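Peer 1: starting from these lines, generate the structure:
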Amino acid sequence: MAKTIVIKQIGSPIRRPAKQKQTLIGLGLNKMHRVRELEDTPAVRGMINKISHMVEILEEKG
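Peer 2: The predicted structure is shown next:
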């Protein structure tokens, strides 16, 4: 079973750089308080690190 990570958007993309908005969309988060369960890969971790001020890690499974 692959490791998964559950993330929630806690910050607004308003008045943020375009790259940060695109990173949110790439993670499937573009509206406040959305929750996504994603595969825990280095690419996803890197995206989370770039916008760590706008997302919260709820739990890590696996």
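Peer 1: check the gap between the closest residue to residue 27 other than its chain neighbours and residue 54 for me.
Peer 2: With sequence-adjacent residues excluded and distances taken as C-beta to C-beta, 6 or more residues apart in numbering, residue 27 is closest to residue 47, at 5.7 Å. Heads up, the C-betas are built off the backbone N, CA and C, glycines and all. Separation of residue 47 from residue 54 (C-beta to C-beta, to the nearest Å) stands at 11 Å.
Peer 1: check contacts around the nearest residue to residue 2 once chain neighbours are set aside.
Peer 2: Ranked by C-beta to C-beta, 6+ apart and with sequence neighbours excluded, the top spatial neighbour of residue 2 is residue 39, at 5.6 Å. Taking C-beta atoms under 8 Å, 6 or more residues apart in numbering as the criterion, residue 39 is in contact with 2, 3, 4, 5.
Peer 1: dump those to CSV, plus distance to residue 29, secondary structure and pLDDT.
Peer 2: Shown next, in CSV, are the contacts of residue 39 (distance: C-beta to C-beta, whole Å; DSSP: H, G, I helix; E, B strand; the rest coil; pLDDT from 0 to 100):
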residue, distance to residue 29, secondary structure, pLDDT
2, 20, coil, 88
3, 19, coil, 95
4, 15, strand, 97
5, 13, strand, 97
